[in-house]
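S.K.: Need a 3D model of the following:
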Amino acid sequence: MDPKPLLWFHFYVCLIGVSSAGFLDRVKQKLGIGNDRGSSNSDNSGTRVSQGALTPVIILPGDGGSQLQAWLERTSVRSNICPMRTNGWTHVWADLDMLIPGLVDCWVDNLKLIYNNITRKTSNPEGVRTQVPGFGDTDSIEYLTGNQLPGSKYLAYIVDMLVDNGYKRNVSVRGAPYDFRKAQNEQEEYFILLKKLVEDTYAANGNHKVTLIGHSLGCLFSLYFLNHQTQEWKDKYINAFIGMGGPWGGAVKPIKVIATGDDLDIAIVSRSKIKDILRTNPSVAALLPSDKFWAKNETLIYTPQKVYNLGNLREFFYDLDFPEGWEFYQDTKNLVYDLIPPGVKTYCLSGTGTATPATYVYKEGGFPKKIPMVISEDGDGTVNRRSLDGCERWKGKQRDEVVTKTFPGAGHRQMTRDKQVLDYIREILFDYQING
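M.R.: Numbers count the residues shown, from 1 in each chain. Take a look at the predicted model:
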């Protein structure tokens, strides 16, 4: 959750209520804010089905859609208000520090990644350890704050719907969060764990095949994972793959964030601060437009002095004095470039009818620091329609069916709570109950 790397960006907009350990707990108590889960854990829901008849579900969140924790043991910090040490693990995503002047610098310094152009891998800054809590559970993808503040609600809408219809948290509906700062090429351990999670979930649910649900960047992670499994393994363990808002061919939005940053519609958030952290994330470069969907001479950024497109993307990065961005792009552009079919029954769900950036226009002297004008095209507000429609290319190219369905007016993040989308996902899963 916009992550711009898609979900990431949308989540910032909601995070006036996001948690900072201790402080927001007190705010929450003061305001009387409770757990925003409604009645999903109760037994007085509507139609329910037998637990044993369900296809278990594993959900892969989008960019910014997993909680992150850090343990600090730093020997130096950028200012004297920045903590050098923490007493164990503490939440850094999502965290209120990003909204507090002064502390936002500490937050950026702890979350940015350091690139090694020899190993072509990223790592945390010295003295910073990070982890993604709750692998296999749904808590850390339902809400982005540890204390489940309503403003950080993300995939809880989907999980609640499933629980209301007979699923059980952390048994038949599981979460597969990941460090969204890194692209698939740095996630070897994650994919090993994901394969084991699929097998364990299959066994724990009466040997019923697993359905993978991905949102946004989670769609690309799901595709990459399935492309690296044997067909025999997929035939045994996977029922279907449901992709929501998949940026199959990338999106234009990330190029503006790399260039200018974004204040994410929060007045006190500095665009340049956000840019400083997002630029270090290879997952941002992994979401840049693909030349399978955009012509190499198609204008992505216009300035009076120069036009940038996929044909001169290297110049774009070097003109920004950001050569590492070009290296990120080289490392990630081919991860799912060929769009190899996933080899399982696939449902692609996407929102349409929302103005989505196609070209950014900077006035004289405005590039890269000023906010550009936007020329838009159809999409879900974050991912361009042409990219969302990418899985149409799989039809007739794999044994299993590929189904595409659009939801007019459903925004990129909003589709995770759109009633029509949730009803359609339920129909897919119940079809397994009847025919599986």
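S.K.: Would you map the helices across the stretch 251-400 of the chain?
M.R.: Under the criterion DSSP state H, counting those that start in this stretch, the stretch 251-400 of the chain contains helices at 253-260, 271-278, 282-285, 313-319, 323-332, 385-388.
S.K.: contact partners of the fifth one?
M.R.: In other words, helix 323-332. 115, 117, 120, 183-185, 258, 279-280, 282-286, 288, 313-314, 317-318 (CB atoms under 8 Å, 6 or more residues apart in numbering). For every residue, glycine as well, the C-beta is placed using N, CA and C.
S.K.: And for the third one?
M.R.: Contacts to helix 282-285, defined as CB under 8 Å, 6+ apart, come from residues 4-5, 63, 113, 115, 122, 180-183, 185-186, 217, 254, 257-258, 278, 325, 328-329, 331-333.
S.K.: same thing but 6 Å
M.R.: For helix 282-285, the external contacting residues (CB atoms under 6 Å, 6 or more residues apart in numbering) are 5, 63, 180-183, 254, 278, 328-329, 332.
S.K.: rewinding a little: rank the helices of the stretch 251-400 of the chain by pLDDT, which is bottom?
M.R.: Across the helices of the stretch 251-400 of the chain, helix 271-278 has the smallest mean pLDDT, namely a mean of 79.
S.K.: Please identify the buried residues of that helix?
M.R.: 271, 273-278 (16 or more other CB atoms under 10 Å).
S.K.: Between helix 253-260 and it, find me the angle.
M.R.: Angle, helix 271-278 to helix 253-260, by axes from the mean of the first three to the mean of the last three CA atoms, to 10 degrees: 120 degrees.
S.K.: Give me the residue ranges of this protein where confidence is low.
M.R.: 1-52, 96-99, 263-271, 432-436 (pLDDT under 70).
S.K.: which of the contacts of helix 323-332 count as buried?
M.R.: Buried members of the contacts of helix 323-332, counted by 16+ other CB under 10 Å: 115, 183-184, 258, 279-280, 282-286, 288, 313, 317.
S.K.: Assess the claim that T354 and T382 are in contact.
M.R.: No. Between T354 and T382 there is no contact under CB atoms under 6 Å: 8.6 Å.
S.K.: Give me the three-state assignment for A203.
M.R.: helix (DSSP: H, G, I helix; E, B strand; the rest coil).
S.K.: separation between it and K195?
M.R.: In this view, A203 and K195 are 13 Å apart by CB to CB, to the nearest Å.
S.K.: of the two, who's got more company?
M.R.: Ranked by neighbour count (other CB atoms under 10 Å), A203 and K195 place K195 first, with 15 against 12.
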